[in-house]
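>>> Pasting a predicted model and its sequence here:
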Amino acid sequence: MIGSPRVHHRLTDSTNERAKALAAAGALHGTLVTADEQTAGRGRQGRDWTAPPRSSVLMSLVLRELDEFLPLAAAVAVCDALPVEARVKWPNDVWIERRKVAGILVEGRPQDGWAVLGIGLNVTTDSFPAELADRATSLRLAGVDVSPEGVLGDLVRSLDHWLCAPFETVLAAWRRRDALKGERVRWSDGEGIADGIDDSGALLVETGDGRVTLEAGEVHLRR
Ligand code: BTN
């Protein structure tokens, strides 16, 4: 089972950085790094990831069994571990009622046979900085009374299941939880109606000029 051995930090720079250092030093598949607080938490697209101390699950897993569907499987696993209805916003944000409750950052060195799966899940956070206030949520704000340590166990069990699931099963589960399907979305140089993902995980969007396939990046809901 993944999640063992576990290294817990009261304070660290970034659990992804700690897990990458452990992976480079030969840590086993499934090694888990957690923290109460990060001083340099990182998100996708070069953004920071911040969270008040002990308010969140801040975790990174060392993985040595690599698979291109890892980010999709991880998003499904997070949804499945939560005691409330959660959906995936392409590619792998987790939303509750159209607000982000969790983010996923996969960093890897496939040439060295490892990847690090980092997950930040807002658990007891009850307020967010002004710029996130209408886009972020936490389990507490969604009415769930649980501690970060309490949800971590469910999350690790769910990851243990979903990271080994066949890719057809992962794709089907992801599609059932697609938060964008049928929604108008925009990205850096276009907009249209999201129409699910193809079998490689790319986002399909119907635009006035035809169907566009987005392999990577980020889209936003037209609210
Ligand atoms: C995103 O931008 O949505 C991804 C956020 C990932 C944040 C987590 S918190 C634990 C791990 N350590 C990091 O520095 N980042 C990830």
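Done, it's in.
>>> in this protein, what residue is nearest the ligand?
When scored by Cβ to the nearest ligand atom, the chain has G103 as its residue closest to the ligand, at 2.1 Å. The C-beta positions use only the backbone N, C-alpha and C, and glycine is treated the same way.
>>> Count the neighbours of that residue for me.
Number of residues near G103 (other Cβ atoms under 10 Å) recorded here: 22.
>>> Can you check what pLDDT the model gives it?
G103 carries a pLDDT value of 98.
>>> So which bits of this protein are right by the ligand?
14-16, 38, 41-44, 47, 49, 58-60, 93, 103-105, 118-120 (Cβ under 6 Å from any ligand atom).
>>> Tell me which of the residues you listed fall in strands.
Q38, L58, M59, S60, D93, G103, I104, L105, G118, I119, G120 (DSSP state E).
>>> what's the pLDDT at the residue lying closest to the second one once chain neighbours are set aside?
In space, not counting the residues next to it along the chain, L58 is nearest to A35; the distance is 4.7 Å by Cβ to Cβ, 6 or more residues apart in numbering. The per-residue pLDDT reported for A35 equals 98.
>>> Parallel or antiparallel, which strands does the helix or strand hosting A35 pair with?
Under the criterion of DSSP states H and E, A35 resides in strand 32-38. When pairing is defined by DSSP bridges, strand 32-38 lines up against strand 6-12 (parallel), strand 56-63 (antiparallel).
>>> for the ones you listed, which one ends up most surrounded?
strand 56-63 (a mean of 26; mean count of other Cβ atoms under 10 Å).
>>> next SSE after that strand?
Once strand 56-63 ends, the next helix or strand along the chain (criterion: DSSP H and E) is helix 70-81.
>>> what's the angle between that following helix and strand 56-63?
Comparing the axes of helix 70-81 and strand 56-63 via axes from the mean of the first three to the mean of the last three Cα atoms, to 10 degrees yields an angle of 140 degrees.
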